[in-house]
Structure formats: C-alpha cells, structure tokens
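**Student:** here you go, sequence then predicted model.
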Amino acid sequence: MGIVGAGPAGLVLAHLLHLRGIDSVVLERHTREHIEKRVRAGVLEHGTVELLTAAGLGERLQRERLVHHGLELLFDGEGHRIPLTGLTGRNITVYGQHEVVKDLVAARLATGRPLHFAVSDVTLSGLTDRPTIRFDGETLDCDFVVGCDGFHGVSRPSVPAGALTVYERVYPYAWLGVLAETPPSSEELIYALHERGFALHSMRSPTVTRLYLQVRPDEPLDDWPDARIWDELGTRLARRDPAWSLTDGPILERSVAPMRSFVVDPMRYGRLFLAGDAAHIVPPTGAKGLNLAVADVKVLAEALDSFYATGEARLLDAYSATCLARVWRVQHFSWWMTSMLHRIDDDPFTLQLQLSQLRYTVSSRAAATSLAENYVGLPL
Ligand code: FAD
Ligand code: DHB
C-alpha cells in the first residue's frame, strides 16, 4: 500500500493496516517537526477516542485529554448549556490534533515500518491497473494507493477530469484562530452568535486557551494586533452576567482559515482511494474534519483486510458509498451549525431567524438531543 500524507488519515490508516499485517509506505511532504507543531483541530468524538484507544494509540491521550460532558451556546448575552452526555450517554474529548499526530508518528516509528518525511515531487500513475508512486527520484509499485494528503494534496488532482463529481460551497467568511497562554475562562466550549459575528472559546489544557473569531475571508492577519483580538473576543463572548470575564494573555500562534464544504463522489478512482480532507472538507463549526478522516480509514482498513484475507473486493467496492453516507450527515450538521452561528451580510432578517433557531435548540429536548447526537458523533 502506498499512503500519501502523514496527517491523521494517513497515520491512523498505516497503523490499522500494521495491526492487520498489511505493509504500507507513508510519504509526507513536510518535516516531522512541522507536522508535530501544526495547530489545528481540538475536538475528538467519543468513537474516535475509542478507536484510537482500541488500536493501542491512546496511552497519552487517555492521560492528558480533557473530557467534556457539555457545551454552551451563547446568544443575546446568555449562555445555554447543552448537556451532551446527559442527552446521549457519550462525551467528547479535547486534545490537540498535533498531539494526536505526535502519538501517531511515535507509534509508526516504533513499528519500524517506512514513514518518509520531507519528500518532494510525489506523482501518481497507473491508477486503474498498476499504481506507481514516484518521489525524489524513487519509484514505488503498489497494490493500491491511498490519497490521505488533504485538500491541497496531489492525489485528487491525479484523477482525470470528469471522473469524480464535485460538490462544493465556499462561505463568505473565515476563522481567525489564536492559541493563547492563559487559563480557559470557562470549563466548557462556548459557541457564540453576536451581532458582530461568531466567536468560539475552546482550550488545549488548564493553561492554554484556543479561540476563534469570524472574519472576512481575505482578512489580513496584520490588521489584528493582540489588543484588537482580545477586544473583539471580549465583545462577542460578553454576557449580561457581570461575574463572567474573558482572561487574556500572550498569543502564541494565530492564523486565518477559509471555510468550505466540499465532497467528491466517488472517493475512489480505480486503485486510488481518497480519505479524509483529500475527499471532503467541512466548515469547522461542527468540529468534525479529523473525526471524519478517522472514520474513513477505519472503513478502508477493514475493507483491505477482507480483500487480502479472502480475495473478495465487496467491501472495497462499497468503501465510497459506506463513507459518503456518514460524510453527508456530517456535511449537513456542519453546514447547519455554521449557518446558525455566523453573521451574513449584516442582514437583520437572517439574524432573527438564527436567534429563533438557537432559542428552539436550547429549549426543545428533541432539538438539543439532535445537536448533541451529531456533535458527539455517530458510532463508528
Ligand atoms: P491533513 O491533516 O491535511 O493531512 C494531510 C497530510 O498530507 C499533511 O501532513 C500534508 O503535509 C500532506 N501532503 C499534502 N500534499 C502532499 C504531497 N503532495 N505529498 C506528500 N504529502 C502531502 N476537525 C475536527 O475533527 N475537530 C475540530 O475541532 C477541527 N477544528 C479545526 C479547526 C481549524 C482552524 C482547521 C483548519 C481545521 C479543523 N478541523 C477540525 C479539521 C481537521 O484539522 C482536518 O479535517 C484534518 O486535519 C484532516 O486530516 P487529514 O489527514 O485528512 O488531512
Ligand atoms: C475547536 C475547533 C473547532 O472547529 C470546534 O468546532 C471546536 C473546537 C478547537 O480547536 O478547540
């Protein structure tokens, strides 16, 4: 197996295949230092934690993770708790994606199986019969290639034009994300809709807070000095309760991420399988991207296992449809959360609809349960 990309999808797949005795080579274009420092997602679904733990990847995760049993929706200056565990019996875990990646890289290196960092010029050929990967002047002949190389990778563009149907929506806003060296101002995540736009309060540890602000998609980072970021966060996360305040501190990292929904169908071309962000992107409001990537490779590892054990391609042939059923559920949830919580065009009518939806979500048990079930994730 040739696996392009050492993000969560590629590394979890490599490990699941290792456990089944299936050989793979993982190729990553960045250095180990780079991928282990890249700050991204933070929320792991119940099923993702169970899968990582069952695969022997959960030792540090179980020790260091923050288990959350609820989240807060904040609007009109008031917070409303959604009791995730109370409504679903399941919880979520806060544990940085780069920590997951560190654990996965260590596990891969411990197996002694190949993982090449800083490779350049990866090209794919022979995808319909005898797949070959070329990189750095070397050639790798594979039974199958798995494109786990994210949205901007080389795998999806290697498929001939027209062979995949693309579904896409680009949103007219982005997230400015910051990591701050300051204790979280709340024990749980806060998703806020404010007249000035969306804000999210999350965390990484008892001393590190992760925060996001809705900004324009072309927002220059230079326009956001620390004082402006804290000011804006303070405004959007403010409550009528004067006892609550946002604690500020040194900003360790900042970046702007665009928001899009994207799906290709099928997630396969001949002997190339696409997994994770290479096949689909969700806007981050539902905290789903990493979890979807893990869900894809679980399906793929089981299908490959069955293929090598029996010679039967039934599960491999079902891979794309099996994954897309989950992908579209998650697409809908992520789009719904995003639409409910972001300001669009300063339109007062839309804002009233959003507030009405939020009031309904926090006051109806059925609506709150629907949010909670989707947020903690469908069983894997
Ligand atoms: P990636 O993590 O993108 O990995 C792809 C890898 O392939 C990379 O290491 C890349 O360097 C490598 N690569 C690319 N091209 C090549 C090439 N040509 N050759 C070799 N290697 C290549 N998801 C959640 O579940 N929960 C959250 O809370 C959450 N929050 C997010 C917040 C933000 C601000 C952002 C940006 C994303 C968030 N996500 C979240 C989404 C999540 O980070 C992604 O969905 C996840 O990283 C997907 O994993 P992946 O392995 O498919 O792709
Ligand atoms: C985080 C990211 C998300 O996209 C989200 O919805 C919740 C939390 C985070 O980085 O902590």
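**Tutor:** That came through, no problem. Predicted, not measured: the structure shown is a model, and the values here were computed from it. Ligands and ions are numbered 1, 2, ... in the order given.

**Student:** what pLDDT, on average, does stretch 173-183 get?
**Tutor:** Stretch 173-183 carries an average pLDDT of 97.

**Student:** right, is it up against ligand 1?
**Tutor:** Yes - Stretch 173-183 lies within reach of ligand 1 by Cβ under 6 Å from any ligand atom, at 175, 177. Where C-beta positions appear, they are placed from N, C-alpha and C, glycine not excepted.

**Student:** that stretch: which residues count as buried?
**Tutor:** Going by neighbour count (16 or more other Cβ atoms under 10 Å), the buried part of stretch 173-183 is 173, 174, 175, 176, 177, 178, 179, 180, 182.

**Student:** the first one belongs to a strand, doesn't it?
**Tutor:** Yep, that's residue 173 we're talking about. Yes - counting by DSSP: H, G, I helix; E, B strand; the rest coil, residue 173 is part of a strand.

**Student:** give me the nearest residue to residue 74, chain neighbours excluded.
**Tutor:** Among residues not flanking residue 74 along the chain, residue 192 sits closest, at 4.0 Å (Cβ to Cβ, 6 or more residues apart in numbering).

**Student:** let me know whether the helix or strand hosting that neighbour sits next to ligand 1.
**Tutor:** Assigned by DSSP states H and E, residue 192 falls within strand 189-194. No - with Cβ under 6 Å from any ligand atom as the criterion, ligand 1 is not reached by strand 189-194; the gap is at least 9.3 Å.

**Student:** now stretch 355-375
**Tutor:** No - applying Cβ under 6 Å from any ligand atom, one finds stretch 355-375 out of contact with ligand 1, separated by at least 10.6 Å.

**Student:** right, and ligand 1 sits closest to which residue of the stretch 51-200 of the chain?
**Tutor:** When scored by Cβ to the nearest ligand atom, the stretch 51-200 of the chain has residue 150 as its residue closest to ligand 1, at 2.8 Å.

**Student:** verify the stated contact: residue 84 with residue 372.
**Tutor:** Yes - in this structure, residue 84 is within contact of residue 372 by Cβ atoms under 8 Å, at 4.8 Å.

**Student:** phi first, then psi, for the residue of the chain most remote from its centre.
**Tutor:** In the chain, the greatest distance from the average C-alpha position (Cα atoms, centre = their mean) is reached by residue 242, at 34.4 Å. Residue 242 adopts backbone torsions of phi -70, psi -10, taken as degrees, to the nearest 10.

**Student:** confidence score at it?
**Tutor:** Residue 242 carries a pLDDT value of 89.

**Student:** which element is residue 240 on?
**Tutor:** Using DSSP H and E, residue 240 falls outside every helix and strand.

**Student:** my guess is it contacts residue 79. True?
**Tutor:** No - between residue 240 and residue 79 there is no contact under Cβ under 8 Å: 9.8 Å.

**Student:** the more surrounded of those two?
**Tutor:** Neighbours of residue 240 and residue 79, each counted by other Cβ atoms under 10 Å, are more numerous for residue 79; the result is 20 against 9.

**Student:** what's across from the more buried one in the sheet?
**Tutor:** According to DSSP bridges, the residues that bridge with residue 79 are residue 74.

**Student:** so how far is residue 293 from it?
**Tutor:** 31 Å (Cβ to Cβ, to the nearest Å).

**Student:** same check, this time on residue 53
**Tutor:** For residue 53, the distance to residue 293 (Cβ to Cβ) stands at 17 Å.
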